[in-house]
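Enquirer: model the following, please.
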Amino acid sequence: MTNAMTTTTTKRIGSKLLSPALLLVLAAAQPLYGMIFSPEPLPAAAANDNSPYADGTRAMNEHRWQDAIRSFDKVIAAKEKRSDAALYWKAYSLNKLQRHSDAAAICNTLHAQYADSPWNKDCDALSIDNPNINIDLGDINQSLNIHVHPDVHIDPITIPNINVDIKNNPDIKILALNSMLNQDPAKAIPVLRDILNGNQPIGVKKHAIFVLAQSKSPEAQAILHDAVTGKMDPELQRQAIMMMAIFQGKRDNDTLAEIYRTTSDRQIKRSVISALFITQDAPHLVELARSEKDMELKRSIVSQLAIMHDKAATDYMMELLK
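Expert: Here you go, the predicted model:
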């Protein structure tokens, strides 16, 4: 083990930068990672460090994943120097709580807001519970550095290289469509629409939503709007809500607030709360909190407002204290 307390050390995947396609495939190999190594006990954060990031580290040491999420949310909201790392560790903690869709959404936020962050590779490796990628293990070795904790560095491990049948692999097809959408939307959008309307696995459809959300094409935006407003599978609606927040900011938050008010699906409501937090839209969150009768949902909204640096949020906190 090398210097377990070097939290700012940048981790890389071996001595090479892997292609996005290979990262997707590596992401499918979670069981393989589990067989290869077992992380050492997690060290405690420095005793004199009372920062939210350190609090999150301590919470993870004690497997208090929800507390860790709250601490990392504070780092993210304050846009501190380690916000990209905090996003990753929030996704990691969500994964530990089996909230895989939420973890994926946070990874998408990391990709969108910190495209050059080395933590993106780790988030790619979190998206590993996708049973729909068929892989064959070859004889070529790749050396990987794996994060298991913000204060832990695992020495490089060797795993077999992974060969993929690209032609028949839907995830790799999505990567190609992403490139095509940037160059020729007229050709890519019908294919993406067919994926969403067809019998592809839900994970592939989520990737399609992710690709569409990044396009400024009116046709792509129309499909995304259909997903956001519930004209597709509820799981795709949740994905579309998060992608709209990440890639479009506050532009359609009136629509999101209306969805919150009209849906009876608690998971959709939670996705809207997360989306409004991502866009730092305190006024809409305050509006929803005031009208929310479900105390669990109201607590969820208030917990987000409590860590937002916004006058509307602060005023509402003072209102609750009266």
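
Enquirer: tell me the SS of Cys116?
Expert: Check again: residue 116 is Asp, not Cys. What DSSP: H, G, I helix; E, B strand; the rest coil gives for Asp116 is coil.

Enquirer: count of neighbours near it?
Expert: By the measure other Cβ atoms under 10 Å, the count of residues near Asp116 is 6. Every C-beta, even on glycine, is put in place using the N, C-alpha and C of the backbone.

Enquirer: now Cys107. Nearest residue, chain neighbours left out?
Expert: Excluding the flanking residues, the one nearest Cys107 by Cβ to Cβ, 6 or more residues apart in numbering is Cys123, at 3.6 Å.

Enquirer: Ser215 sits in which helix or strand?
Expert: In the assignment (DSSP states H and E), Ser215 maps to no helix and no strand.

Enquirer: how close does the residue nearest to Cys107 get to Glu80?
Expert: 18 Å (Cβ to Cβ, to the nearest Å).

Enquirer: more crowded one of the two?
Expert: Cys123 (27 against 15).

Enquirer: confidence score at that one?
Expert: As predicted, Cys123 sits at a pLDDT of 80.

Enquirer: that one contacts Ala105, doesn't it?
Expert: No - with contacts counted by Cβ atoms under 8 Å, Cys123 stays clear of Ala105, the gap being 10.8 Å.

Enquirer: ok, residues contacting the helix or strand hosting Tyr316?
Expert: In the assignment (DSSP H and E), Tyr316 maps to helix 311-321. The contact list for helix 311-321 (Cβ atoms under 8 Å, 6 or more residues apart in numbering) reads Ala282, Pro283, Leu285, Val286, Ala289, Arg290, Val302, Leu305, Ala306.

Enquirer: can you check stretch 103-118 too?
Expert: By Cβ under 8 Å, 6+ apart, stretch 103-118 touches 10-12, 83-84, 87-88, 90-92, 94-95, 119-120, 123-124, 126-127, 206, 210, 239, 242-243, 246-247, 271, 274, 278.

Enquirer: out of the residues you listed, which sit inside helices?
Expert: Among the contacts of stretch 103-118, the members falling in helices (DSSP state H) are 83-84, 87-88, 90-92, 94-95, 119-120, 123-124, 126, 206, 210, 239, 242-243, 246-247, 271, 274, 278.
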